[in-house]
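Engineer: structural data only, the sequence is not supplied:
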């Protein structure tokens, strides 16, 4: 990886930029059906952020906004959440930025939010996203067959998880 990667809570001023990232077909093709194949309005980002089960973080590399990492389905009682992420600036792909951001959010999830388990899913043909999770220490946890629609065909969702027990001590 090159550059310093940081994450920070998403600010209202960043909603238009993030909405643009999430509206790009090359990006949103991999997201859940709530986001996939649509133009995302900044207002939708605001609505999603007001939901107490979501946490959105802007990713910066060397101070420049380049992506988003988020927790969804956050359940503080059971200590679980789903992580998802988007690299908005394709000029910085394949530099480990998303993996670093995922690691940072996982650290926060386990140490500040006191979560016990974080999971994610990828479409079976999204090998780049699966690599991000594997590099961040996630393990494949299972598969839901024909659970998503991608490019007009049914594909499996591959689930990954990471628990507090999987984290190496400092």
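Structural biologist: All right, it came through fine. Computed from a predicted model, the values in this text were never measured in an experiment.

Engineer: show me what the lengthiest helix in the chain is packed against.
Structural biologist: Ranked by residue count and defined by DSSP state H, the top helix of the chain is helix 97-111. Contact here means 3 or more Cβ pairs under 8 Å, 6 or more residues apart in numbering; DSSP states H and E; on that basis helix 97-111 packs against strand 5-9, strand 55-61, strand 64-75, strand 80-87, strand 117-123, helix 127-135. The way it works is simple: take the backbone N, C-alpha and C, and place the C-beta from them, glycine included.

Engineer: quick one: these as TSV, columns for mean pLDDT and distance to residue 160 too.
Structural biologist: Formatted as TSV, the helices and strands packed on helix 97-111 follow (pLDDT from 0 to 100; distance: least, Cβ to Cβ, whole Å):
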stretch	mean pLDDT	distance to residue 160
strand 5-9	95	19
strand 55-61	96	19
strand 64-75	95	14
strand 80-87	95	9
strand 117-123	96	5
helix 127-135	94	5
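
Engineer: for residue 157, find the nearest of those.
Structural biologist: When those are compared by Cβ to Cβ, strand 117-123 sits nearest residue 157, at 4.6 Å.
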